[in-house]
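**Q** only geometry, no sequence info:
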């Protein structure tokens, strides 16, 4: 059971944490949303809660709440730049379908 960051994603998170000047790591989870069921939540974690699960990848802590764990476990998070666009991308082996706009997914 793991959640991993590619080197590019880890570098991006480290850069943002350094600019912010604080933070425990990356908070990663899901919320019920969109036409397919779930959407990803990515933010910076300033605290670790008692029911959080902590993973470490490429020198970055990834903090996941207990409710999201079942949906996101075994996901690889990448950071991709294409032209002027840049974003995190999620390679989740549990994903069965995504909506047409790409904002939500189902498992």
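**A** In hand now; what should we look at? Predicted, not measured: the structure shown is a model, and the values here were computed from it. Numbering: from 1, shown residues only.
**Q** mind listing the strands for this protein?
**A** 4-5, 25-33, 37-45, 53-57, 60-64, 76-82, 85-91, 97-98, 105-106 (DSSP state E).
**Q** out of those, nearest to residue 14?
**A** strand 60-64 (6.3 Å; C-beta to C-beta). For the C-beta atoms, the positions are set from N, CA and C on the backbone; glycine is no exception.
**Q** name the helices or strands packed onto the closest one?
**A** Here strand 60-64 touches helix 7-20, strand 25-33, strand 53-57, going by 3 or more C-beta pairs under 8 Å, 6 or more residues apart in numbering; DSSP states H and E.
**Q** try 6 Å this time
**A** strand 25-33, strand 53-57 (3 or more C-beta pairs under 6 Å, 6 or more residues apart in numbering; DSSP states H and E).
**Q** list the buried ones in the shortest one?
**A** Along strand 53-57, these residues count as buried under the neighbour rule (16 or more other C-beta atoms under 10 Å): 53, 55, 57.
**Q** strand partners of it, parallel vs antiparallel please.
**A** strand 60-64 (antiparallel) (DSSP bridges).
**Q** likewise for the longest one?
**A** For strand 25-33, the paired strands and their directions (DSSP bridges) read strand 37-45 (antiparallel), strand 60-64 (parallel).
**Q** other residues contacting stretch 80-91?
**A** 40, 42, 75, 76, 77, 78, 79 (C-beta atoms under 6 Å, 6 or more residues apart in numbering).
**Q** tell me the span between the first and last residue of it.
**A** Chord length of stretch 80-91, first to last residue, is 12 Å (C-alpha to C-alpha, to the nearest Å).
**Q** now do the buried residues in it.
**A** Under 16+ other C-beta under 10 Å, the buried positions of stretch 80-91 are 88, 90.
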